[in-house]
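Peer 1: Make a model of this:
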Amino acid sequence: MENDFRTDIRIADESMAANQLDKAYNYYSDAWETLCEDRPEHKPEEAFWLMMSWANSVFAAQDYEQCYEIMGEAYAIFKDMGLVVGNPFFHLRVGQSAYELAETDEQRFDQSGQAIDNLARALITGGIEIFAGEDDRYLTPVLDVLRPPEGFESWHDATGQGCSIDLLDTSTGHLRSVFEKKYGRPLPLDS
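Peer 2: All right, here's what the predicted structure looks like:
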């Protein structure tokens, strides 16, 4: 019987919701292998969000190096499809992983480095809400260097100001519920 990658994704999503990170990782990984080897019918967005879910499970397990690697692979595969650059969640996890992989605070807070650059992109594209539920250590250094949008005293006053939150609208499964919780409303977010 042919492996159904969507069943693997559903089980992985359920495992993430139950905080069964190893199980989630294994099922996301199996689903990705099926996509790569068997090439079943799927939309690029579906494959992209599978990869983001897989990276998210690795990040939740604090394997920042593997998360960073998966995000690099996602960039290579999806960069020309309009799914990566400007995607708030992509930039959030890349920035957080780079932050965790940095060996010194100087590397973490270097404004030309991967951590601050991607965390700033997450804030600009996803608004303050993309950081909801995340450790403050990722947001604080960005707030120190990035002015809020015009007409707002602070980024905390600028809810709903992410310029690319619509890129989250095609998300699926567990991540979709994560975004709905972060933004306090159902997707699509730009409505």
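Peer 1: Using the three-state scheme, assign residue 163.
Peer 2: The three-state assignment at residue 163 reads coil, by DSSP: H, G, I helix; E, B strand; the rest coil.
Peer 1: Run through the residues that contact it.
Peer 2: 86, 124, 125 (C-beta atoms under 8 Å, 6 or more residues apart in numbering). C-betas here are computed from N, CA, C, even on glycine.
Peer 1: okay, and for the chain, where does confidence drop off?
Peer 2: Applying pLDDT under 70 to the chain flags the ranges 1-3, 111-112, 190-191.
Peer 1: now the helices for this protein?
Peer 2: Assigned by DSSP state H, the chain shows helices spanning 5-17, 21-38, 44-60, 64-78, 88-101, 105-109, 114-126, 136-145, 173-183.
Peer 1: Export only the CA atoms of the fifth one, formatted as CSV.
Peer 2: The one in question is helix 88-101. Taking Å, rounded to 0.1, in the frame of the first residue of the first chain, the C-alpha atoms of helix 88-101 are listed here in CSV:
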residue,chain,number,x,y,z
PRO,A,88,6.8,35.8,8.9
PHE,A,89,7.1,32.3,10.3
PHE,A,90,10.0,31.4,8.1
HIS,A,91,11.9,34.5,9.3
LEU,A,92,10.9,33.9,12.9
ARG,A,93,12.3,30.3,13.0
VAL,A,94,15.4,31.2,11.0
GLY,A,95,16.1,34.1,13.3
GLN,A,96,15.5,32.2,16.5
SER,A,97,17.7,29.3,15.3
ALA,A,98,20.5,31.6,14.3
TYR,A,99,20.1,33.3,17.7
GLU,A,100,20.5,30.0,19.5
LEU,A,101,23.4,28.9,17.4
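Peer 1: Please state the offset of that helix from the chain centre?
Peer 2: Remark: helix 88-101 is offset 8 Å from the chain centroid, using C-alpha atoms, centre = their mean, to the nearest Å.
Peer 1: buried sites along that helix?
Peer 2: Buried residues in helix 88-101, counted by 16 or more other C-beta atoms under 10 Å: 88-100.
Peer 1: Perfect, that will be all.
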